[in-house]
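Trainee: From the sequence below, what's the structure:
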Amino acid sequence: MSLPYLYLDTNVIRDVQCNRRNDSANLFRQIKTLRIPCVSSIFTFMELVELVKTQSYAKKLLIEDSKDINEICREYRHCNLNKESLEKIKLEIENLELAEYIEFVNLSDENWIEARNYSLITNISAPDCIHITTAIIAGVDYFITTDTNLIKQAEHLEIRCKRPLEILTIINK
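Mentor: Have a look, this model is predicted:
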């Protein structure tokens with residue numbers, strides 16, 4: 001059996017990072033055990049950093065600043081973390097176990113035009129157009145995501161989107 005080449009969407013990596021979904025964690029175990037080749041975008045890495053920053057800042061607003069939920073909702077996107085907090089986040093992201101199993105790739109200038117074109121001809125969000133384009137350019141067999149809307153929107157594109165459980169079924173055949 002040849003191993004599939006996978007693109008891991010940010011939400012799947014975040015599932016593993018936060019222990020959110022068993023299917024994503026089980027997929028990660030298979031990736032590690034079988035050494036399944038994986039790729040993701042540099043943009044994924046940046047999204048992970050932003051998610052950790054906003055989560056950290058929201059916790060600060062709640063715990064240290066005693067803000068109520070309305071204030072947190074207004075302010076959390078405007079991170080104002082100190083250097084110590086940023087360094088802690090940097091170490092957390094750099095030490096993310098899953099990262100050693102993923103090749104992070106960037107788009108060329110031509111590929112950015114392709115991502116732009118997807119944003120013009122589909123209802124897919126701009127960030128997801130970047131992910132889809134990166135996956136297509138990388139030549140992956142499957143784009144792994146838990147985003148049901150993205151799976152539906154990408155049906156007519158030249159990429160096979162699967163949920164973690166679906167790809168586990170394929171891998172374990």
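Trainee: The helix or strand of the chain with the lowest mean pLDDT: what's the following helix or strand?
Mentor: Taking mean pLDDT, DSSP states H and E as the measure, the chain has helix 69-75 as its least confident helix or strand, at a mean of 79. Downstream of helix 69-75, the first helix or strand assigned by DSSP states H and E is helix 83-94.
Trainee: Give me the residues contacting that next one.
Mentor: By C-beta atoms under 8 Å, 6 or more residues apart in numbering, the surrounding residues in contact with helix 83-94 are 45, 48, 49, 52, 53, 56, 60, 81, 99. Quick note: C-beta positions are derived from backbone N, CA and C, even for glycine.
Trainee: for stretch 45-61, same thing?
Mentor: Contacts of stretch 45-61 (C-beta under 8 Å, 6+ apart): 10, 13-14, 17, 67, 71-72, 75-77, 79-81, 85-86, 88-89, 92-93, 96, 99, 104, 127.
Trainee: Stretch 20-35 too?
Mentor: Residues outside stretch 20-35 that contact it (C-beta under 8 Å, 6+ apart) are 3, 6, 12, 14-16, 19, 36, 38, 98, 101, 144, 146, 163-165, 167-168, 171-172.
Trainee: That stretch: how far from the chain's middle?
Mentor: 14 Å (C-alpha atoms, centre = their mean, to the nearest Å).
Trainee: Rounded mean pLDDT for it, please.
Mentor: Here stretch 20-35 scores 94 as its mean pLDDT.
Trainee: re the thing from before, buried ones among the contacts of stretch 45-61?
Mentor: 10, 13-14, 17, 67, 72, 75-76, 79, 89, 93, 96, 99, 127 (16 or more other C-beta atoms under 10 Å).
Trainee: among these, which two are most distant?
Mentor: Using C-beta to C-beta, the buried ones among the contacts of stretch 45-61 span at most 32.1 Å, a distance reached by 67 and 99.
Trainee: so which helix or strand takes in residue 66?
Mentor: Counting by DSSP H and E, residue 66 is found in no helix or strand.
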